[in-house]
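Novice: Below is the sequence, then the predicted model.
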Amino acid sequence: MSTATPATAVARTRAAGRPGSPQPSPALSHKARSRELKNAAARVLVWLAFLVALVPLVWILWSVVSQGYHLLLDSGWWTHSQKGITARRQGGGAVHAIQGTLLQGAVTAAISVPVAVMTAVYLVEYGRGKLARAVSFMVDILTGIPSIVAGLFIYAVWVTTLGFQRVAFAVSLSLVLLMIPTVVRSTEEMLKLVPNELREASYALGVPKWKTIVRVVLPTAFSGIITGILLGLARVMGETAPLLILGPYTKSIATDLFGGYMATLPTMINQDRTESLQPAVDRVWAAALTLILLILVLNLAGRLIARLGSVRK
Amino acid sequence: MATVTGVSVADEMPGPDGRTPLSGDRAGTGRLGDRLFGGAALGAGLLVVALVTLIGVFLLWRAVPSLANNDANFLTSREWQVDGQHPRFGIVEMLWTTVAASSIALLVAVPVGVAVALFITQYSPRWLSRPAANLVDLLAAVPSIVYGLWGLRTFGPKFEPVQAWLTDHLGWFPLFAKTSISGSGTILFIGIILAIMILPIVTALSREVFAQTPITHIEGALALGATKWEMIRTAVLPFGRPGVISASMLALGRALGETIAVTIIVSALSQGTPWTWSLLNGGETFASRIANNAAEFDSPQKTGAFIAAGLVLFVLTFVVNAVARVVIERRKAFTE
């Protein structure tokens, strides 16, 4: 080695690494083959997993669309309620349930988004020490709380303890419990991804911390936060369990959050799920399709806003 | 334990605790705006703590009177008679059904979900990556009641032959023993349905963290001669691990407490059915039993019994999340 010039040493290394050149030892070539095999196996498995994951999606969508679409083409579906319609009769619409779902979702979002975003800001920008650990821990716990438990809790407070009736606002309260942790976690992840350089640059210009957060950090993470909010909203709008406990179904249009029952799409589906009469079965699938479409539209709108409003890119 | 890329996970994704960035920042200067905004943020955090505490307190408060009246052992009894002066109810059967179904769901969904996330972020052709991600998101947009409907009316009948095959060929194994349940309303089947339901959660979050893997890590691994799979194992997976764990936690929480899909599908057992370990048996999870009886919350005694079941479910998810969190913390301690 001492006699070789640096140039020949480099050349020798290159030759060893070039494909097609004689391999240094059979042990190494065996190793290379097993590495390549593993690589190929991983590729096949990953592709397979994706295809397998698509099967239920396509199947569910096909079931719902093929059995539900024809009622949605009828304009009555979007303008009428189920008032006076029995399982045996065709006709009627879902406007009462659509309205109820939208109304409860809006109330839920209005309460939970400020709380959740501020909690995430606290965790990422302010939280230090034990208290921050406690808050973060509790968000995790809240994340894992089943919807039925959230419903039971609100029932225990709203009906058993305070003595109120089962109303739409109570449903929204239980949905708030489910929406907060989703939004906190996604917002937190997004805030963490905001480069510290941005914050430091802002501080260096003498901008106060709160203004840095409001004008630099939050806008940078905006698209991610919106996505998180919409995923949270999508989750709670399709939620049925708390509604079973707190929001009984009704066939007519209701707008009062604090009195009487209010129909929603999930309870509309649940109402007739065991029905075997064809008009009712059709309506169940149509309501399911409506609910999926509603959530889908929300998602798409959110993505669009996120893309338009994004500071990055 | 630094990763092969030389950068530990904790350096890249600092948690709210034990984190490094801006640790010395005194940017909050005590100006009015800073104090108000910081106070609001703190208030929101405290509200979350208060909410969780209140949930525990209220459920316990409402459950205790019924538990005191209970003539059977709440933890070990299989009975569920909540009417009358001398109610007898216990949770052991619901506990088994819930835990078994959720375990099946997690065993299926986490590997598949992570693989799908890897597909979307690493393997798929460029033109396919975005549509694929949107498709899986679409699965998350399907409400649980639709899964229930589909499972009951469409998938269930198709799944019955699989169960028949299992009892025929693996029936000697206690988990697949034949039971009195004839349809598809079994623990195994709700496990599969739950797996499909939590798959998008696992995928969406894993995908998000995998996509954030620093390009320098990826290029570094490739430059050292790693194959694509080795690059993923040494750069993408370690970076995404906290995300995958939190995704699995979310997923498990949803599986344990999933209500309406399970309620619709699973065949409830009548009182006094003999005990079996079989996954092809019916049963009721905590959530489905509460939901099935939601219309009967008329007396405080009855309601209290169901709230007690809800409390157990709450404690269960609490423990699962706490354990998962300890695991993450410990891993973090090792990586630093």
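Specialist: Perfect, thanks for sending it. Numbers count the residues shown, from 1 in each chain, chains lettered A, B, ... in the order given.

Novice: count of neighbours near the residue nearest to residue B:77 when sequence neighbours are not counted?
Specialist: Distances taken as Cβ to Cβ, 6 or more residues apart in numbering or on different chains place residue B:90 nearest to residue B:77, at 2.5 Å, with adjacent residues excluded. The C-beta positions use only the backbone N, C-alpha and C, and glycine is treated the same way. Residue B:90: 18 surrounding residues under other Cβ atoms under 10 Å in any protein chain shown.

Novice: now residue B:90: how far from chain A?
Specialist: With distances defined as Cβ to the nearest Cβ, to the nearest Å, the gap from residue B:90 to chain A amounts to 19 Å.

Novice: Phi, psi for that residue please.
Specialist: phi -150, psi 170 (degrees, to the nearest 10).

Novice: Ok, the one 4 residues further on next?
Specialist: Here is the backbone geometry of residue B:94 (degrees, to the nearest 10): phi -60, psi -40.

Novice: one step back: give me the pLDDT for the residue nearest to residue B:77.
Specialist: Turning to residue B:90, the model gives it a pLDDT of 85.

Novice: My guess is it contacts residue B:73. True?
Specialist: Yes - assessed by Cβ atoms under 8 Å, residue B:90 is found in contact with residue B:73 at 5.9 Å.

Novice: ok and the residue in the stretch 151-300 of chain A nearest chain B?
Specialist: residue A:238 (2.6 Å; Cβ to the nearest Cβ).

Novice: and that residue, what is it in contact with?
Specialist: Applying Cβ atoms under 8 Å, 6 or more residues apart in numbering or on different chains to residue A:238 gives the contacts A:266, A:291, A:295, B:141, B:142, B:143, B:144, B:145, B:146.

Novice: Next, count neighbours for the first one.
Specialist: Around residue A:266 there are 29 other residues, counting by other Cβ under 10 Å.

Novice: Return the host helix or strand of it as CSV; C-alpha atoms alone will do.
Specialist: Per DSSP states H and E: residue A:266 is located in helix A:265-271. Only the C-alpha atoms of helix A:265-271 are listed here, as CSV (Å, rounded to 0.1, in the frame of the first residue of the first chain):
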residue,chain,number,x,y,z
LEU,A,265,-78.0,11.6,9.3
PRO,A,266,-76.4,8.9,11.5
THR,A,267,-79.5,8.6,13.6
MET,A,268,-81.6,8.5,10.5
ILE,A,269,-79.5,5.5,9.3
ASN,A,270,-79.7,3.9,12.7
GLN,A,271,-83.5,4.4,12.9
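
Novice: what's that helix packed up against?
Specialist: In terms of contacts (3 or more Cβ pairs under 8 Å, 6 or more residues apart in numbering or on different chains; DSSP states H and E), helix A:265-271 is packed against helix A:95-121, helix A:241-246, helix A:278-309, helix B:144-150.

Novice: Now for the residue of the stretch 151-300 of chain B found nearest chain A: which residues touch it?
Specialist: Proximity of the stretch 151-300 of chain B to chain A (Cβ to the nearest Cβ) peaks at residue B:257, 1.8 Å away. With Cβ under 8 Å, 6+ apart as the criterion, the residues that contact residue B:257 are A:144, A:145, A:146, A:147, A:148, A:149, A:241, B:286, B:287, B:313, B:317.

Novice: Apply 7 Å and report the result again.
Specialist: A:146, A:147, A:148, A:149, B:287, B:313, B:317 (Cβ atoms under 7 Å, 6 or more residues apart in numbering or on different chains).

Novice: would you turn those residues into CSV with pLDDT?
Specialist: Below are the contacts of residue B:257 laid out as CSV (pLDDT from 0 to 100):
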residue, pLDDT
A:146, 87
A:147, 87
A:148, 90
A:149, 90
B:287, 89
B:313, 90
B:317, 85
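
Novice: Span of stretch A:226-245 from start to end?
Specialist: 30 Å (Cα to Cα, to the nearest Å).

Novice: what distance separates it from the middle of the whole chain?
Specialist: 8 Å (Cα atoms, centre = their mean, to the nearest Å).

Novice: Okay, residue A:115 and residue B:157: tell me how far apart.
Specialist: 44 Å (Cβ to Cβ, to the nearest Å).

Novice: Settle it for me: which of the two has more neighbours?
Specialist: residue A:115 (21 against 11).

Novice: Surely that one and residue B:44 touch.
Specialist: Yes - under the criterion of Cβ atoms under 7 Å, residue A:115 makes contact with residue B:44 at 5.0 Å.

Novice: State the three-state secondary structure for residue B:72.
Specialist: coil (DSSP: H, G, I helix; E, B strand; the rest coil).

Novice: got the phi/psi numbers for it?
Specialist: Here is the backbone geometry of residue B:72 (degrees, to the nearest 10): phi -100, psi 170.

Novice: How many residues are close by residue 116?
Specialist: Unless you meant another one, I'm taking chain A. As a burial measure, residue A:116 scores 29 neighbours (other Cβ under 10 Å).

Novice: ah, no, chain B please
Specialist: Residues lying near residue B:116 (other Cβ under 10 Å) number 33.

Novice: My read is that it contacts residue A:52, right?
Specialist: No - Residue B:116 lies out of contact with residue A:52 (Cβ under 7 Å); the separation is 8.6 Å.

Novice: And the residue of chain A that's closest to chain B?
Specialist: For chain A, Cβ to the nearest Cβ, closest residue to chain B: residue A:146, 1.8 Å.
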